[in-house]
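Novice: Got a predicted structure here, sequence first:
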Amino acid sequence: MTLQLITACDKVTQDAPFAYEGQGKKIAIYRVDDEFFATDNVCPHAHALMSDGFVEGDTIECPLHGAVFNIRTGKCMGPPAESDLATYPVTVVENKIFLRL
């Protein structure tokens, strides 16, 4: 596994996750304060993109049915979803975001 360049840090804002699709994966990149996090971009409850969801602090709400997830851990915090989002470790080098895919 090698580091894959995803985007520049300034492309990810606190209220708008960045959607990445590549190498067979759909991933959402989030900014919480000055930290970056990555989860699957597809809600495990129904096919909706988390990057279209609503960010509040360190949570993301699915835009389709309102399931809530912790951005840092991927943990499901409310129905109707019953499973967590997969998370991916983020590496930041020279203001660029990288993931191991």
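Specialist: Yes, it's here.

Novice: now what about stretch 3-14, what contacts it?
Specialist: Stretch 3-14 has contacts (Cβ atoms under 8 Å, 6 or more residues apart in numbering) with 18, 20, 22-23, 27, 29-33, 36, 38, 55, 91-92, 95-101. In short, each C-beta sits where N, CA and C put it, glycine included.

Novice: And for stretch 55-73?
Specialist: By Cβ under 8 Å, 6+ apart, stretch 55-73 touches 14-17, 28, 30, 32, 37, 39, 43, 45-46, 48-50, 52-54, 75-81, 84-85, 87.

Novice: If you count neighbours, what's buried in that stretch?
Specialist: 55, 59-62, 64, 67-71 (16 or more other Cβ atoms under 10 Å).

Novice: Closest to residue 2 out of these?
Specialist: Distance to residue 2 across those (Cβ to Cβ) is lowest for residue 71, with 25.0 Å.

Novice: for the closest residue to residue 60 other than its chain neighbours, what are its contacts?
Specialist: In this structure, residue 60 finds its nearest non-sequential neighbour in residue 53, 4.8 Å apart by Cβ to Cβ, 6 or more residues apart in numbering. By Cβ under 8 Å, 6+ apart, the contact list for residue 53 reads 17, 60-63.

Novice: how far does stretch 89-101 sit from the chain's center?
Specialist: In terms of Cα atoms, centre = their mean, to the nearest Å, the centre of stretch 89-101 is found 13 Å from the chain centre.

Novice: That one: end-to-end distance?
Specialist: Stretch 89-101 has its terminal residues 10 Å apart, counting by Cα to Cα, to the nearest Å.

Novice: Could you do stretch 72-87 as well?
Specialist: 8 Å.

Novice: Please apply the same query to stretch 7-16.
Specialist: For stretch 7-16, the end-to-end distance is 14 Å (Cα to Cα).

Novice: Point to the helix or strand of this protein where mean pLDDT is at its lowest.
Specialist: The least trusted helix or strand in the chain, going by mean pLDDT, DSSP states H and E, turns out to be strand 76-78, with a mean of 92.

Novice: Is the residue positioned nearest the centre of the chain bridged to anything, and to what?
Specialist: Centroid check for the chain by Cα atoms, centre = their mean gives residue 28 as the closest residue, at 3.2 Å. On the basis of DSSP bridges, residue 28 is bridged to residue 19, residue 39.
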